[in-house]
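*Asks:* Here is a sequence together with a model predicted from it:
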Amino acid sequence: MTQKERQEHSRQEILRAALEEFGRRDYDAVNMEQICKNHGISKGMMYHYYSGKDELFLLCVRDTFERLTAHVEAGMAQLGEGDALGSIQRFFLLRESYFQDHPERKRIFENAMLRPPAHLREEIWRLWEPLRRMNRAFLERMVRTMPLRPGLEPERVIRYLESTEASFRSLLLHYQEEREGQDLHTVLGVGAEMLDLILFGVLRQSADQV
């Protein structure tokens, strides 16, 4: 094994350890000593490659975002163009299907997006930008084909869908309440039910309100 291969092996070993620790605990509950002790990594090797917990956390966030982006991009290519509402529903559920297959990444994603450390927030949003741009381009394309409520501008609809998509998992967990089962079939079924309410609302408008 060459020196370059050994270095890459060491980096991957540290990344796997950090992913496991940040995937099981919130950011504040993880420290470098804990990662080293739990995974048999020497402090010398750890600090040779990484300066501290912040750098490791951002490494895990970047890796999670990149893998999620690849998953969403592959899924979006199969959504089709004909049924805008159905495509948006499936788009919202793409991320949930990823976290069903990779539950260890869910806490990392939620800590980054819903509870970001204040001093890392700007860097986290920079890492999120490629997926945000891809999401927006898809929503812009879909919204252009949707029969919107009179007086409702497409930009407002896109911002609403973006904000809902960003917090969809949290909303889904609250909406699901005590329903049994966290398997993908159950999550997708409950998610589609909730999205029906998000897209169509709950109040019937009278003729003089339309």
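*Replies:* Looks like it arrived, so ask away.

*Asks:* going forward, measure contacts and count neighbours with C-alpha atoms only.
*Replies:* OK.

*Asks:* Which helix or strand contains the spatially most central residue of the chain?
*Replies:* Centroid check for the chain by C-alpha atoms, centre = their mean gives residue 109 as the closest residue, at 5.4 Å. For residue 109, the host element (DSSP states H and E) is helix 106-113.

*Asks:* Just give me how far the next helix or strand after that helix sits from the chain centre.
*Replies:* Going down the chain from helix 106-113, the next helix or strand is helix 121-143, by DSSP H and E. Chain-centre distance of helix 121-143: 11 Å, with C-alpha atoms, centre = their mean, to the nearest Å.

*Asks:* in helix 121-143, what's buried?
*Replies:* For helix 121-143, the neighbour count (16 or more other C-alpha atoms under 10 Å) marks 124, 127, 128, 131, 132, 135, 138, 139, 142, 143 as buried.

*Asks:* same question, stretch 24-32
*Replies:* Using 16+ other C-alpha under 10 Å as the test for burial, stretch 24-32 gives 24, 27, 30, 31, 32.

*Asks:* what would those residues look like in a markdown table with distance to residue 8, pLDDT and secondary structure?
*Replies:* A markdown table is the format used below for the buried residues of stretch 24-32 (distance: C-alpha to C-alpha, whole Å; pLDDT from 0 to 100; DSSP: H, G, I helix; E, B strand; the rest coil):
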| residue | distance to residue 8 | pLDDT | secondary structure |
| --- | --- | --- | --- |
| 24 | 24 | 95 | helix |
| 27 | 25 | 95 | helix |
| 30 | 23 | 96 | coil |
| 31 | 22 | 95 | coil |
| 32 | 19 | 96 | helix |
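
*Asks:* Among those residues, which one lies nearest to residue 71?
*Replies:* If you rank these by distance to residue 71 using C-alpha to C-alpha, residue 24 comes first, at 22.0 Å.

*Asks:* and that closest one, how far is that from residue 90?
*Replies:* Relative to residue 90, residue 24 is positioned 28 Å away (C-alpha to C-alpha, to the nearest Å).
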